[in-house]
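> Test case, fold it:
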Amino acid sequence: MTAVLSDQADIGFMGPEASVYVYNQGKEDYAVNFAQLTQKDGSFLVGREKDPDFTFHKLKGKTIIGGRKGGMPEMTLEYVLKKHDLMPGKDVNVRTDIQFAVMAGAFTGGEGDFV
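Numbers count the residues shown, from 1 in each chain. Okay, the predicted model is just below:
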């Protein structure tokens with residue numbers, strides 16, 4: 001979004017929340033989402049251990065580094081958890097206090113059970 005708004009790019013690939021944030025700031029020149037480029041979310045869940053028999057119920061009591069609260073990856077994660085009868089904040093701890101750019105480093109440094 002920053003590249004689009006600063007005229008460094010004509011088109012940006014991003015989740016729709018970026019457009020909403022800019023619009024809600026009252027900007028006169030805001031981005032408009034105009035296409036669906038994917039039919040599935042490109043996010044994936046990474047654990048510390050190989051688990052060929054993984055089920056989402058194994059996340060109960062675990063901590064997931066989820067990204068920025070309200071961001072598309074974090075919202076998708078919460079949607080999937082709820083679809084598997086896991087309530088964020090009750091059954092599983094979803095951390096939203098780690099910036100997206102440092103999630104991998106935080107995870108490899110020992111934070112969270114999943115990212």
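
> Only C-alpha atoms from now on, for both contacts and neighbour counts.
Noted.

> can you give me the strands in the protein?
Listed from the start of the chain, the chain has strands (DSSP state E) covering 63-65, 93-95.

> how about low-confidence regions in the chain?
For the chain, the stretches with pLDDT under 70 are 35-42.

> So what touches the longest helix along the chain?
Longest helix in the chain by number of residues (criterion: DSSP state H): helix 72-83. Contacting residues not belonging to helix 72-83 are listed as 15-17, 41, 43, 56, 66-69, 87-88, 96 [CA atoms under 8 Å, 6 or more residues apart in numbering].

> Drop the exposed ones from those and show what's left.
By neighbour count, with 16 or more other CA atoms under 10 Å, the contacts of helix 72-83 hold 66-68, 87-88, 96 as buried.

> Output the residues you listed as CSV; include the columns distance to Val80.
Putting the buried ones among the contacts of helix 72-83 into CSV (distance: CA to CA, whole Å) gives the following:
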residue, distance to Val80
Gly66, 12
Gly67, 15
Arg68, 16
Met87, 10
Pro88, 10
Thr96, 16
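
> Show me which pair in these is furthest apart.
Arg68 and Met87 (17.7 Å; CA to CA).

> Backbone torsions only: list them for the closest residue to Arg68 other than its chain neighbours.
Excluding its sequence neighbours, the residue lying closest to Arg68 (CA to CA, 6 or more residues apart in numbering) is Thr96, at 5.0 Å. Thr96 adopts backbone torsions of phi -120, psi 20, taken as degrees, to the nearest 10.

> can you list the strands of the chain in JSON lines and add mean neighbour count and distance to Ile11?
JSON lines is the format used below for the strands of the chain (neighbours: other CA atoms under 10 Å; distance: least, CA to CA, whole Å):
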{"stretch": "strand 63-65", "mean neighbour count": "22", "distance to Ile11": "29"}
{"stretch": "strand 93-95", "mean neighbour count": "20", "distance to Ile11": "31"}
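
> To Gly105, which of those lies closest?
Here strand 63-65 is closest among the strands of the chain (CA to CA), at 11.0 Å.

> Kind regards, and thank you for your time.
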